[in-house]
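1. Okay, here's the prediction I keep looking at, along with the sequence it came from:
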Amino acid sequence: MSETGKTITGGCLCGAVRFTISASPMATRACWCRLCQHIGAGSGTVNVVFPSDAISIEGETTDYACVAESGAHMHRRFCPTCGTPVFSAAEERPQVIIVRAGALDDPEIGKPALTIWTSEAPSWACFDPDVPQAEHQAPPSK
């Protein structure tokens, strides 16, 4: 269970992919790298990091493998029916899974504690002045 004692749940837009998480977030980050801008249709993404052994996934996802700006070998998983980006994982950190905040049933769980890759954000990007910023990649979640 998470710190609140509640199971965290979520899924894709059409409901074909559903997940439950039995742990609290390890980190929450807004990311403005160019890859995330593509995934976010022009905006950055909001990502919640969990231990990979705490998630149970139902339904099929499609994997898109790529190398991130940080050099990490990423697997970005999305629903093949509705196209919703749901998860990411780095080969270099198999102990964690990244869940897109928009896929959480309760998006309040995804409130960012850090905004990363601000150096790649467009001039019109809006940043919360109360959230710390990093021009590039933050240290990995353990």
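-> Good, I have the coordinates.
2. Which helix or strand lies directly C-terminal to the helix or strand of the chain with the lowest mean pLDDT?
-> Lowest on mean pLDDT, DSSP states H and E among the helices and strands of the chain sits helix 34-39, with a mean of 90. Downstream of helix 34-39, the first helix or strand assigned by DSSP states H and E is strand 45-51.
3. who does that next one touch, helix- and strand-wise?
-> Applying 3 or more C-beta pairs under 8 Å, 6 or more residues apart in numbering; DSSP states H and E, we find strand 45-51 packed against strand 27-31, helix 34-39, strand 96-100. C-beta coordinates here come from the backbone N, C-alpha and C atoms, glycine included.
4. one step back: buried residues in the least confident helix or strand of the chain?
-> For helix 34-39, the neighbour count (16 or more other C-beta atoms under 10 Å) marks Leu35, Cys36, Gln37, Ile39 as buried.
5. Would you confirm that the first one contacts Glu69?
-> I take that to be Leu35. Yes: contact status for Leu35 versus Glu69: in contact at 6.8 Å, counting by C-beta atoms under 8 Å.
6. Let me see the residues that make contact with the least confident helix or strand of the chain.
-> 43-45, 47, 66, 68-69, 74, 76, 85, 117, 120-122 (C-beta atoms under 8 Å, 6 or more residues apart in numbering).
7. Please verify my assumption that Ser88 contacts Ala72.
-> No: counting by C-beta under 8 Å, Ala72 is not a contact partner of Ser88; they are 9.5 Å apart.
8. So these two - more neighbours on which side?
-> Using other C-beta atoms under 10 Å, the more surrounded residue of Ser88 and Ala72 is Ser88, with 26 against 16.
9. in this protein, which residue is closest to the centre?
-> Asn47 (2.7 Å; C-alpha atoms, centre = their mean).
10. Show me what the closest residue to that residue other than its chain neighbours is bridged to.
-> Spatially, and ignoring its direct neighbours in sequence, Asn47 is nearest to Ile98 (4.7 Å; C-beta to C-beta, 6 or more residues apart in numbering). Under DSSP bridges, the beta-bridge partners of Ile98 are Val49, Ser88.
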